[in-house]
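Engineer: I'd like to go over a predicted model; first the sequence, then the structure.
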Amino acid sequence: MSFYSDLKERFPGSSRLAIILLQVAPIAACIGSAVALFLWLLDKATTTRQQHTWLLFLLPLGGLLIHFLYKSIGKNAEKGNNLLIEEIHEPAADIPKRMAPLVLFSTIVTHIFGGSAGREGTAVQMGGSISAAMGGWFKTTDKESLQTLLTAGIAAGFGAVFGTPVTGAIFAMEVLTIGRIRYDALLPCIFAAIIANYTCSAWGIHHTQYHILFKNTLQYFSADSFHLLWKIVVSAIAFGLAAFLFADLTSFLKKTFQQFIKIDWFIPVTGAIIIIALTYILGTDDYLGLGVTSPNPNGVSIVNAFNEGGVTYFSWFWKLLFTAITLSSGFKGGEVTPLFFIGAALGNALAILFHAPVDLFAALGFIAVFAAATNTPIACTVMGVELFGGEHILFFALACFIAYFFSGHSGIYSSQKIGVAKLGSPYAGEKNLSESFSRRGKVISSIVEKLRRKKNN
């Protein structure tokens, strides 16, 4: 009998939380170490690609490698974050141990050859895979404990990869079901996120620091404050629509690739060729990789989006398109860092248009597009505080909440349940986002078919 099994017998009932916390501690430490290794490798991969631009031409080969790896040994690991969400809703011991090393390696391949992707998906999948594996070693078999361990694994991975432990804890509980939060996992999640973040930092990993120089000297309910607030409201609506566009375009492109390219290994090759062509058409490689910083001081990046003139009016769209093509054609990584890029760049453009503070609006876009695309407005409001300070929390909340509603029943995680429908939509209950995607797809197909028939007649 294992040590943890013996504890369960000696201290039943109320001791369940204590036992889970004892299990979470080593799990979170392992996840933090794995994330540290991943971030170190990712930094090396990004630097290598920036120094050797010819590596972009090997992106089709990288896509082939990833495709055949997942086809031969990946099995259900191909579903990525959606598999974790499904497993938490209905535990079936279906998360393979190979998920962590597979997604780590595949993400590094994506980035070293120039794919436009992020890192959150990789960290979260590693967190879930490590939690599932170590939960098996601890002989954790009851459904509730497994669900809690997996949720804590997501919190640990997210908190460590961005250096935002409180956000990681809330995100893990909020992302599962739209409109509902699993408070029963609160302590294990914050415990896991703090330990993982500390462990990652102990390995010498440092996260990008962002700053808002704008000082809010406005009096609430004054004419000047309302003048700024209406600009934030309009921008938040745009952030929500941008998130909707990203999620639906990625889903649409994936289905289009599968429909028109019958040889499955040729899908990543096609996506890679499109990425290479767009890079040379635009004459810049700023939309490849993470996009957090640029080797060119005047290049387009997340950091530069906080400065006036740091991005163009359409930088947000180009990053959206590059990332949608990369992920829909089978490359690995995450969506969140590209969403930060999209949001910060769009916020910059709107600030210039509205004559508003550029750094504030870049920060609002940074968190609000992410909130809308993941349906986690509370977690993203807290992320604003963790990354930028608490001075502008009212603006953070307003932007995230409005963007969340205007993204509709859309999102980057199709396995999310719809617990409480947005804006009185009838599609509540146990339905998930994949059904919403399917419904919209049928509507679009119907419209296209009617237009085609009208044209023929």
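Structural biologist: That came in fine, so what should we check first?
Engineer: neighbours of the spatially closest residue to residue 371 that is not a sequence neighbour, how many?
Structural biologist: Residue nearest to residue 371 in three dimensions, not counting chain neighbours: residue 380, with 3.6 Å by C-beta to C-beta, 6 or more residues apart in numbering. No exception for glycine: its C-beta is placed from N, CA and C like everyone else's. By the criterion of other C-beta atoms under 10 Å, residue 380 has 30 neighbours.
Engineer: same question, residue 263
Structural biologist: Applying the criterion other C-beta under 10 Å, we find 8 residues in the vicinity of residue 263.
Engineer: and it, its phi and psi?
Structural biologist: Note on residue 263: its backbone torsions stand at phi -90, psi 110 [degrees, to the nearest 10].
Engineer: check it and give its pLDDT.
Structural biologist: Per-residue confidence (pLDDT) for residue 263: 94.
Engineer: again, but for residue 440
Structural biologist: Looking at residue 440, its pLDDT stands at 56.
Engineer: re earlier: what's whichever helix or strand the residue nearest to residue 371 is part of packed up against?
Structural biologist: Element membership for residue 380 (DSSP states H and E) is helix 377-388. With contacts taken as 3 or more C-beta pairs under 8 Å, 6 or more residues apart in numbering; DSSP states H and E, helix 377-388 sits against helix 165-174, helix 358-374, helix 393-406.
Engineer: any idea of the mean pLDDT in the helix or strand just after the shortest one?
Structural biologist: The helix or strand immediately downstream of helix 165-174 is strand 177-178, counting by DSSP H and E. Model confidence over strand 177-178, given as mean pLDDT, is 88.
Engineer: what helices and strands are in contact with strand 177-178?
Structural biologist: Packed against strand 177-178 by the contact rule (3+ C-beta pairs under 8 Å, 6+ apart) you find strand 417-418.
Engineer: so where is the stretch 201-350 of the chain shaky, pLDDT-wise?
Structural biologist: Within the stretch 201-350 of the chain, the stretches with pLDDT under 70 are 217-224.
Engineer: rerun that using 80 as the cut-off
Structural biologist: Along the stretch 201-350 of the chain, the model assigns pLDDT under 80 to residues 215-225.
Engineer: all helices for it, in order.
Structural biologist: Residue ranges of the helices in the stretch 201-350 of the chain, as given by DSSP state H, counting those that start in this stretch, are 223-260, 266-282, 315-328, 336-354.
Engineer: just tell me which of those ends up closest to residue 87.
Structural biologist: Closest to residue 87 of the helices of the stretch 201-350 of the chain is helix 336-354 (C-beta to C-beta; 20.2 Å).
Engineer: hang on, isn't residue 188 packed against residue 150?
Structural biologist: No. With contact defined as C-beta atoms under 8 Å, residue 188 does not reach residue 150; the gap is 10.2 Å.
Engineer: looking at the two, which one has more neighbours?
Structural biologist: Comparing residue 188 with residue 150 by neighbour count (other C-beta under 10 Å), the higher total belongs to residue 188, at 28 against 25.
Engineer: run through the residues that contact the more buried one.
Structural biologist: Residue 188 makes contacts with 17, 20-21, 24, 148-149, 151-152, 155, as judged by C-beta atoms under 8 Å, 6 or more residues apart in numbering.
Engineer: in the host helix or strand of it, what counts as buried?
Structural biologist: Residue 188 is located in helix 186-202, with elements delineated by DSSP H and E. Burial within helix 186-202, assessed by neighbour count using 16 or more other C-beta atoms under 10 Å, is assigned to 186-197, 199-200.
Engineer: chain center to that helix: distance?
Structural biologist: Taking C-alpha atoms, centre = their mean, to the nearest Å, one finds helix 186-202 lying 19 Å from the centre of the chain it belongs to.
Engineer: the chain should start at 45 in everything you say after this.
Structural biologist: Sounds good: first residue 45 from here, last item helix 230-246.
Engineer: rewinding a little: which entries within the contacts of residue 232 meet the buried criterion?
Structural biologist: 64, 68, 192-193, 195-196, 199.
Engineer: and residue 213, what is it in contact with?
Structural biologist: Here residue 213 is in contact with 199, 203, 230, 233-234, 236-237 (C-beta under 8 Å, 6+ apart).
Engineer: let me know the closest of those residues to residue 252.
Structural biologist: Looking across those and measuring by C-beta to C-beta, the closest to residue 252 is residue 203, at 15.4 Å.
Engineer: ok, the closest one - how many residues close by?
Structural biologist: 35.
Engineer: so for the contacts of residue 213, which is the shakiest by pLDDT?
Structural biologist: Among these, residue 230 carries the lowest pLDDT, at 91.
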